[in-house]
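In: Fold the following and give me the result.
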Amino acid sequence: MTAIVEGRDLTRAFPMPAGPVTALRDVSIAISPGEYVAIAGPSGCGKSTLLHLLGCVDAPTSGSLVFEGRDVARLTERERSRIRLTRIGFVFQRFFLLPMLSAWENVELPQAEIGINPADRRMRTRELLDYVGLSDRGHHRPSQLSGGEMQRVAIARALANRPALLLADEPTGELDEDTGEQVADLFDRVHADGTAIVVVTHNPVLAVRSGRRLAMKRGTVVSS
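Out: Residues are numbered from 1 along each chain as shown. Presented below is the predicted three-dimensional model:
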């Protein structure tokens, strides 16, 4: 089965006044369609850096990244942006919902950005808010929602354009245990519906539900 995304010998170094700091060193990883992968490790070990590379948000210092058969280094910024909008969904620890928009508008926005017509946007947004159990909260702004509700809106937004891959960076990090378990249940459902997931997490509830677990330390994958 052809991987959705495959990184080979990925290294990412950041320039600093005292010399470059290597956050990721010679990591090779492939994510297959429909796979659920959890990445764990101590803070600063390179987990989020790896996620940013897989999501075509950042570029490696060396090594190669292939997304759905295309060498990402050969793509224009416009082409990479299109991949991020249409093929990858992102979920973050701190939600990053636009505070001036309602839940409905936050979910609708990425669809508008790729030119989906208003009628289809309304249908998809209604479907997604129902999917995450928030059909009655669509007109509320983020400040009127609980942390768990905001994260569920963020997941709905990430799924808006039917991505092949969902990337999540500590998605339960701001939530209490019970609410985190509800989000874990939702990830199970997303995975069961066929979306590949890569989640960076310290939460054992999420990690144990994945099909493959990777451990990182000092910028490398140390076990799987």
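
In: in the longest helix seen in the chain, what's buried?
Out: Ranked by residue count and defined by DSSP state H, the top helix of the chain is helix 177-192. For helix 177-192, a neighbour-count test (16 or more other CB atoms under 10 Å) marks 179-184, 186-187, 190-191 as buried. For glycine as for every other residue, the C-beta is placed from the backbone atoms N, C-alpha and C.

In: ok, of the residues you listed, which one's closest to residue 86?
Out: Nearest to residue 86 among the buried residues of helix 177-192 is residue 190, at 16.9 Å by CB to CB.

In: Residue 167 falls within a strand, correct?
Out: Yes - per DSSP: H, G, I helix; E, B strand; the rest coil, residue 167 lies within a strand segment.

In: From residue 56, how far off is the residue lying closest to residue 187 once chain neighbours are set aside?
Out: Once flanking residues are discounted, residue 187 sits nearest to residue 197: 6.2 Å by CB to CB, 6 or more residues apart in numbering. The gap separating residue 197 from residue 56 is 17 Å, by CB to CB, to the nearest Å.

In: Could you check which of those two has the larger neighbour count?
Out: Neighbour totals were compared for residue 197 and residue 56, and residue 197 leads with 25 against 21 (other CB atoms under 10 Å).

In: before we move on, back to that, could you check the angle strand 165-169 makes with the longest helix of the chain?
Out: 160 degrees (axes from the mean of the first three to the mean of the last three CA atoms, to 10 degrees).

In: Which strands or helices does helix 177-192 pack on?
Out: Packing partners of helix 177-192 (3 or more CB pairs under 8 Å, 6 or more residues apart in numbering; DSSP states H and E): helix 147-158, strand 196-200, helix 204-209.
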